[in-house]
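# sequence first, then the predicted structure:
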Amino acid sequence: MKDTWIFDLDNTLHDAQKNIFPIINQKINQYISKSVKINITEADRLRQQYWDYYGATIEGLIKHHNINPTEFLEVTHTLENFEELIVPMPDLIKVLTSINGEKILYTNAPRNYTNKVLQICQIENYFDGIFSIEDANYIAKPSATSMEFFIKKYKIKVANFVDDVKENLETANQFGLSTIWLTNEKENPSYIDKKITKLRDLIVN
């Protein structure tokens, strides 16, 4: 029986921190400032506060400010010159090709954004399923509720989960998944089964 592999998207399959996140964060700040009627500095603080607490800013905005999630995602994740912003992880296609088994994407990003990133990276055909923030009813990782939605949808019992955010992997560990942390951090949490510093470390010879 082949393994199931679960992959995060941003900062796991591509380097979102380099170009994309600064732009999206700015768009989110502007959206919060306009919707909540606060200045940009306060909006930036609120964005980070909700991201830290919920795993995604959108969840906090829905719960505390009743924003329209569809509008929010459309406004904040529509990017000009998208192709120029994407930086695929080195040997990305080689990594996915070398791994046998079902591959599922589990991301806090919206569906349209996710599809565009996969297309630009030329890896959309490598995945058997895509689970976006919409599929989780806008409840973000690391929430156990989000994870339960995901597990039930794909009927997952045993799987390897690759993510750059350790809190997401902590939840995955609670559901019995094998956890692989993509990081340069020195700490070794007990819920992490394997640490890698580069995605290409997963290449199976």
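Received it, and whenever you're ready, just let me know what you need. These numbers come from a predicted model, not from an experiment.

# mind listing the strands for this structure?
4-7, 102-106, 129-131, 160-163, 178-182, 194-196 (DSSP state E).

# out of those strands, which comes closest to Pro22?
Proximity to Pro22 (C-beta to C-beta) singles out strand 178-182 among the strands of the chain, at 20.2 Å. Any C-beta I mention is one placed from the backbone N, CA and C, and that applies to glycine too.

# so what touches the closest one?
For strand 178-182, the external contacting residues (C-beta atoms under 8 Å, 6 or more residues apart in numbering) are 11-12, 158-164, 166, 169-170, 172-173, 191-199, 202.

# and what of stretch 124-138?
Contacts for stretch 124-138 (C-beta under 8 Å, 6+ apart): 7, 56, 58-59, 62, 69, 73, 93, 96-97, 102-111, 114-115, 118, 140, 143, 145-146, 149-150, 153-154.

# can you redo the strands of the chain as TSV with mean pLDDT and distance to Ile24?
Converted to TSV, these look like this (pLDDT from 0 to 100; distance: least, C-beta to C-beta, whole Å):
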stretch	mean pLDDT	distance to Ile24
strand 4-7	98	20
strand 102-106	98	18
strand 129-131	98	19
strand 160-163	98	19
strand 178-182	98	20
strand 194-196	97	25
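
# who wins for proximity to Glu42 among these?
strand 160-163 (30.2 Å).

# now do the closest one: which elements does it pack against?
In terms of contacts (3 or more C-beta pairs under 8 Å, 6 or more residues apart in numbering; DSSP states H and E), strand 160-163 is packed against strand 4-7, helix 166-174, strand 178-182.

# dump the longest one to CSV, keeping only the CA atoms.
Listed in CSV are the C-alpha atoms of helix 166-174, where the atom choice follows Å, rounded to 0.1, in the frame of the first residue of the first chain:
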residue,chain,number,x,y,z
LYS,A,166,5.2,23.7,13.4
GLU,A,167,1.8,24.5,15.0
ASN,A,168,0.1,22.9,12.0
LEU,A,169,2.2,19.8,12.5
GLU,A,170,1.4,19.7,16.2
THR,A,171,-2.3,19.3,15.3
ALA,A,172,-1.5,16.7,12.6
ASN,A,173,0.4,14.7,15.2
GLN,A,174,-2.7,14.7,17.4
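
# what's that helix in contact with?
Outside helix 166-174, the residues that reach it (C-beta under 8 Å, 6+ apart) are 6, 8, 55, 141-144, 147, 161, 163, 179-181, 183, 185, 189, 191-193.

# buried only: go through the residues you listed for me.
6, 8, 55, 141-143, 147, 161, 163, 179-181, 183, 192 (16 or more other C-beta atoms under 10 Å).

# Asn108 is in contact with Pro142, isn't it?
No - contact between Asn108 and Pro142 fails when scored by C-beta atoms under 8 Å: they sit 9.5 Å apart.

# please enumerate the shared neighbours of those two.
Between them, Asn108 and Pro142 share the contacting residues Gly55, judged by C-beta under 8 Å, 6+ apart.
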